[in-house]
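Test case, fold it:
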Amino acid sequence: MNTVIVDLGIGNCKSVQRMITKLGYQCRIIGDKNNLAGDDKIILCGIGSFDAGVQAIIDGGWQDDLDESVLNQGIPILGICLGMQLM
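Numbers count the residues shown, from 1 in each chain. So this is what the prediction gives:
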């Protein structure tokens, strides 16, 4: 199983990764949407305002890739804090 944490540049990705590792699972942080393909689970986390989060998704070009992965391919996504609001 490949789990990725999407790094939008506005979050606490390392904290989330440490907790997942502490629970006995593996995951990796990705900051490039081109690394999203082939993963089984996605975690979207962030801190801050909704507007800043949406802008980070747009600026990073993540929207189409996340839509494809989650909506079309059915890959599960977990939103944490701002990530839940963005979903």
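
drop to CA atoms for contacts and neighbour counts, all remaining ones
Noted.

Just give the number of residues close to residue 51.
9 (other C-alpha atoms under 10 Å).

buried residues in the helix or strand where it lies?
Applying DSSP states H and E as the criterion places residue 51 in helix 50-60. Neighbour-count burial for helix 50-60 flags 53, 54, 56, 57 (criterion: 16 or more other C-alpha atoms under 10 Å).

any chance of these in a markdown table, with pLDDT and distance to residue 83 too?
Listed next are these as a markdown table, based on pLDDT from 0 to 100; distance: C-alpha to C-alpha, whole Å:
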| residue | pLDDT | distance to residue 83 |
| --- | --- | --- |
| 53 | 92 | 8 |
| 54 | 94 | 10 |
| 56 | 93 | 11 |
| 57 | 93 | 11 |
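
ok, which pair from these is furthest apart?
53 and 57 (6.4 Å; C-alpha to C-alpha).

Touching both of these two, which residues are there?
Shared contacts of residue 53 and residue 57, defined by C-alpha atoms under 8 Å, 6 or more residues apart in numbering, are found at residue 8.
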